[in-house]
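Student: let me see the structure of the following:
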Amino acid sequence: MKRLLILIGVLASCLFAEAQDIDSLYQVFENNRGEVAYRAALAIDEVIGREPNFEADTDKDEIKLKVLRTMILYYFNNNDFQHAITYSEIGIAHYDKIGDLFNEAGCYMTLANAYQRLGQLDKAIDCYNHCNDLMDRIGGDMAEVNKRYVINNIAEIHLSMDEYDRAEEMYRKCIEMLGEVDANDTASNLDLATYYQNLAEVRIAQNNPEAVGYAEQSLELSRKYLDTPHKVINRLMALSKAYHIVERFDESDALMDEALRVAKDNGETFLENSIYLQKGDYAKAIAMADENHFEELLQEALEGAYRLERERNPKLALEYYERSMAMKDSIFNETQQQLIRDYQVRYAMQEKDHELQMEQEKTKRNRMYAIVMAIIAALLLLIAFIWYRLAQIRKKRAEELAHLNAIKDRLLSIVSHDVKTPVGAICTILSRMTSHYDSFSETDRKANLIMMHSSAEALNTRVSNIMQWVREEMENSAITPTDFNLHDMAENTIKVLETTIGVKSLKVVNAIAPELTVHDDINVVSLVLRNLLGNAVKFSYPNGEVRLKASQEGGRVWVSVEDDGMGISEKKLEKIFNFMTSSASGTSGETGTGIGLFVSKQLLDRISGEITIESVRGEGTVVRFSVNAGFPEGKTNITVE
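Tutor: Residues are numbered from 1 along each chain as shown. Next comes the predicted model:
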């Protein structure tokens, strides 16, 4: 008992540590079982800021799989590639031991990406080859797709090392593996667009006019099959460079200007910065890279500015040169400091392990009941004090950081909310296909691909809408009311969600009068209606019914979204509109951030609207919100029955 409480005390003291203390928590998890291991896993998730996806009675091996995936992604996404490598190697050993080839291949892929980002290209290629070997053992169409992606990544490494023949050979191998592409196969056509652009990049690096043909084909496919703005921008930039080679300068400049417009319209800041760099506008490139902390682009812009000004303005060129050299020194020093911090972490882990062993030995020697009870009481008080102090510190830090981080966190949460729904749908379909691929008929496979395509298009649409809303929020733009048909808006919202609705076989009834028009901000009302209908679908049981209604009350129109789903508990209702309220899982396991209702409430406040929720657990939910009717109180533009 004393051992357990001592370890709990160690975990409690680690909960507020920096990310590097995750290593210590993982060692505690590895060296123990039962309650201690479970609490260590919970502490890791809390430090990382992720909701746990396991319970106290979950098998330790299963918890280990989830914890490792969480840690690998955390370190990689935070550019801590050394830790990503360490835990990827642990994951590879564990997955190999239990025979999980798919996840083992995933760890090799992450390991290769980490080595590639660190410039250790030989190790990256070796890991990519290991990944391909595992895909050969797994077999199937999905493994073939993953092999193409791996070969494409290896080719990028060869291109970065100016090994043009080898890079071209591998890009052509990808096209050969893709085979004859059906005109209706959107995903394969977009993959083909990528390979054509990569071949164009090889020719561009060689200053070869053949780059034009490949770049034109790549851009044509991306536009035809509605590729993401990010990729379209890259295609435009590649074709611009190709036209420059053949001295079609006006067309090259026009494409670069188009790429710049698309980047600005879609919030692609990094690409916008890259375009300024490619156009030779080094002043803008430097300013933008400074503002957004794009260190790599800043270094390149400084070097370009130095070369440009070296002859015409030596003094300014010298300033650019000195700043560039200072950046390189800073990066070198930061690398050295990271090595020192890594050593300190390893030393601290050894110290904690040693202290833990000493406490365990002490526990074995202490057998007397009275002494044990006294120690337990003291430890309980210590734990209570630590948790109390932890709460105070966290509250204080939250208040200090709230002003600086509120807008950033709010926007990130909004993006996460609207992106997770279609991504979740894609993941669900992929999981079903990879687990039971051989049992699917060709028709079912194609149907699943169509569903994934639909979800991907919905994702693209939502991200575009979110970025428009973000720009308005950041600029504090005025509300612009317009007249629009509420019934038609509801129909369009149902169509956006028709894939998810179809999967659950739901009946969605649009009982809003066809002639009902309102006068309010159309973007706000559309986003609120989509959030509420999405929640109703998420928490409805299969074969259930969702109803959309509207009624006039004075100068306002109240819109209601009703479902017969799982409902909301009274405790949850009390804080349903809070920013930090987490979302429950849907009836089919759908997940979310819980940000939707918060965003809806904030938007309705901007248009002087109201929102109410009535719900009974297990019976369903009714959400109502009001918008401006656009006509004098007591008058109507519809007959409400």
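Student: mean confidence score for stretch 272-281?
Tutor: Confidence over stretch 272-281, taken as the mean pLDDT, stands at 85.
Student: what residues of it count as buried?
Tutor: Judged by neighbour count using 16 or more other Cβ atoms under 10 Å, the buried positions of stretch 272-281 are 272-279, 281. Quick note: C-beta positions are derived from backbone N, CA and C, even for glycine.
Student: and stretch 258-274, by the same measure?
Tutor: 258-260, 262-263, 266-268, 270-274.
Student: and if you look at stretch 509-522?
Tutor: With burial defined by 16+ other Cβ under 10 Å, the residues of stretch 509-522 counted as buried are 510, 512-513, 516-521.
Student: mind putting those into JSON lines with distance to Glu322?
Tutor: Supplementary listing: the buried residues of stretch 509-522 in JSON lines, determined by distance: Cβ to Cβ, whole Å:
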{"residue": "Asn510", "distance to Glu322": "66"}
{"residue": "Ile512", "distance to Glu322": "66"}
{"residue": "Ala513", "distance to Glu322": "70"}
{"residue": "Leu516", "distance to Glu322": "66"}
{"residue": "Thr517", "distance to Glu322": "64"}
{"residue": "Val518", "distance to Glu322": "61"}
{"residue": "His519", "distance to Glu322": "60"}
{"residue": "Asp520", "distance to Glu322": "56"}
{"residue": "Asp521", "distance to Glu322": "51"}
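Student: and the helices in the stretch 301-450 of the chain?
Tutor: Using DSSP state H, counting those that start in this stretch, the helices of the stretch 301-450 of the chain run over residues 314-365, 369-435, 442-475.
Student: host element of Thr621?
Tutor: Assessed by DSSP states H and E, Thr621 sits inside strand 620-628.
Student: pull up the pairing partners for that strand, direction included.
Tutor: Strand 620-628 has these partner strands in its sheet, going by DSSP bridges: strand 556-563 (antiparallel), strand 611-616 (antiparallel).
Student: coming back round to it: of the buried residues of stretch 272-281, which is the nearest to Ser526?
Tutor: Glu272 (27.1 Å; Cβ to Cβ).
Student: wait, doesn't that closest one sit right on Ala287?
Tutor: No. Counting by Cβ atoms under 8 Å, no contact exists between Glu272 and Ala287, whose distance comes to 11.8 Å.
Student: contact partners for Lys507?
Tutor: Listed by Cβ atoms under 8 Å, 6 or more residues apart in numbering, the contact partners of Lys507 are 543-546.
Student: quick one: closest of the strands paired with strand 620-628 to Gln299.
Tutor: Of all the strands paired with strand 620-628, strand 611-616 sits nearest to Gln299, with 48.8 Å by Cβ to Cβ.
Student: in the closest one, what counts as buried?
Tutor: By 16+ other Cβ under 10 Å, the buried positions in strand 611-616 come out as 611, 613, 615.
Student: contact partners for the residue lying closest to Gln206 once chain neighbours are set aside?
Tutor: The spatial neighbour of Gln206 that comes closest, neighbours along the chain excluded (Cβ to Cβ, 6 or more residues apart in numbering), is Tyr164 at 5.8 Å. Counting by Cβ under 8 Å, 6+ apart, Tyr164 makes contact with 158, 202, 205-206.
Student: adding distance to His83, write the buried residues of stretch 258-274 out as JSON lines.
Tutor: Converted to JSON lines, the buried residues of stretch 258-274 look like this (distance: Cβ to Cβ, whole Å):
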{"residue": "Glu258", "distance to His83": "41"}
{"residue": "Ala259", "distance to His83": "36"}
{"residue": "Leu260", "distance to His83": "37"}
{"residue": "Val262", "distance to His83": "36"}
{"residue": "Ala263", "distance to His83": "32"}
{"residue": "Asn266", "distance to His83": "32"}
{"residue": "Gly267", "distance to His83": "30"}
{"residue": "Glu268", "distance to His83": "29"}
{"residue": "Phe270", "distance to His83": "24"}
{"residue": "Leu271", "distance to His83": "29"}
{"residue": "Glu272", "distance to His83": "31"}
{"residue": "Asn273", "distance to His83": "28"}
{"residue": "Ser274", "distance to His83": "28"}
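Student: and the furthest pair within those residues?
Tutor: The most widely separated members of the buried residues of stretch 258-274 are Glu258 and Phe270, with 17.6 Å between them, by Cβ to Cβ.
Student: hang on, the earlier thing: filter the buried residues of stretch 272-281 down to the ones in helices?
Tutor: When helices are assigned by DSSP state H, the members of these inside them are 272-279.
Student: can you point out the helix or strand that includes Arg547?
Tutor: Element membership for Arg547, per DSSP H and E: strand 545-553.
Student: going by distance to Thr493, which of the buried residues of stretch 258-274 wins?
Tutor: Taking Cβ to Cβ as the measure, Thr493 lies nearest Asn266 of the buried residues of stretch 258-274, at 22.4 Å.
Student: list the contacts for the closest residue to the closest one other than its chain neighbours?
Tutor: Distances taken as Cβ to Cβ, 6+ apart put Pro229 closest to Asn266, at 3.9 Å, once the chain neighbours are dropped. If you count contacts by Cβ under 8 Å, 6+ apart, Pro229 has them with 262-263, 265-266, 268, 464.
Student: what stretches of the stretch 251-400 of the chain score poorly on pLDDT?
Tutor: Regions of the stretch 251-400 of the chain meeting the criterion pLDDT under 70 cover residues 317, 328-357, 360, 369, 400.
Student: can I see the domain layout of this structure?
Tutor: The record's domain split for the chain, according to automatic domain parsing, is 186-279, 478-628.
Student: how about those in a markdown table, adding distance to Thr70?
Tutor: Formatted as a markdown table, the entries for those read as follows, by distance: least, Cβ to Cβ, whole Å:
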| stretch | distance to Thr70 |
| --- | --- |
| domain 186-279 | 26 |
| domain 478-628 | 14 |
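Student: mean pLDDT lowest for which of these?
Tutor: The bottom spot among the domains of the chain, by mean pLDDT, belongs to domain 478-628, with a mean of 87.
Student: one step back: ok, which of the domains of the chain comes nearest Ile98?
Tutor: Shortest separation from Ile98 across these is recorded for domain 478-628, at 23.6 Å, computed as Cβ to Cβ.
Student: identify whichever of the domains of the chain lies nearest to Ser431.
Tutor: Closest to Ser431 of these, according to Cβ to Cβ: domain 478-628, at 10.4 Å.
Student: quick one on the thing from earlier: just say which of the domains of the chain is most tucked in.
Tutor: Neighbour counts averaged per stretch over those are highest for domain 186-279, at a mean of 20; criterion: mean count of other Cβ atoms under 10 Å.
Student: and it, end to end?
Tutor: Its first and final residues considered, domain 186-279 spans 32 Å by Cα to Cα, to the nearest Å.
Student: can you give me how far that domain is from the chain middle?
Tutor: Centroid displacement of domain 186-279 relative to its chain, using Cα atoms, centre = their mean, to the nearest Å, is 25 Å.
Student: likewise for stretch 112-132?
Tutor: Between the centre of stretch 112-132 and the centre of its host chain there is 23 Å, according to Cα atoms, centre = their mean.
Student: who's in contact with that stretch?
Tutor: For stretch 112-132, the surrounding residues in contact (Cβ under 8 Å, 6+ apart) are 76, 79, 81-82, 84-85, 88, 105, 108-109, 111, 146-147, 150-151, 153-154, 157, 160-161.
Student: hey, C-alpha coordinates of that stretch in PDB?
Tutor: In PDB, the C-alpha atoms belonging to stretch 112-132 read as follows (Å, rounded to 0.1, in the frame of the first residue of the first chain):
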ATOM      1  CA  ALA A 112      11.900   7.600 -41.400                       C
ATOM      2  CA  ASN A 113      10.200  11.000 -41.400                       C
ATOM      3  CA  ALA A 114      12.000  12.000 -38.200                       C
ATOM      4  CA  TYR A 115      15.400  11.000 -39.600                       C
ATOM      5  CA  GLN A 116      14.600  12.900 -42.800                       C
ATOM      6  CA  ARG A 117      13.700  16.000 -40.900                       C
ATOM      7  CA  LEU A 118      17.000  15.700 -39.000                       C
ATOM      8  CA  GLY A 119      19.000  15.400 -42.200                       C
ATOM      9  CA  GLN A 120      20.000  11.700 -41.500                       C
ATOM     10  CA  LEU A 121      19.000  10.600 -45.000                       C
ATOM     11  CA  ASP A 122      20.700   7.200 -45.100                       C
ATOM     12  CA  LYS A 123      18.800   6.200 -41.900                       C
ATOM     13  CA  ALA A 124      15.600   7.600 -43.300                       C
ATOM     14  CA  ILE A 125      15.900   5.500 -46.500                       C
ATOM     15  CA  ASP A 126      16.700   2.400 -44.500                       C
ATOM     16  CA  CYS A 127      13.500   2.900 -42.400                       C
ATOM     17  CA  TYR A 128      11.400   3.500 -45.500                       C
ATOM     18  CA  ASN A 129      12.700   0.200 -46.900                       C
ATOM     19  CA  HIS A 130      11.800  -1.600 -43.700                       C
ATOM     20  CA  CYS A 131       8.300  -0.100 -44.000                       C
ATOM     21  CA  ASN A 132       8.000  -1.500 -47.600                       C
END
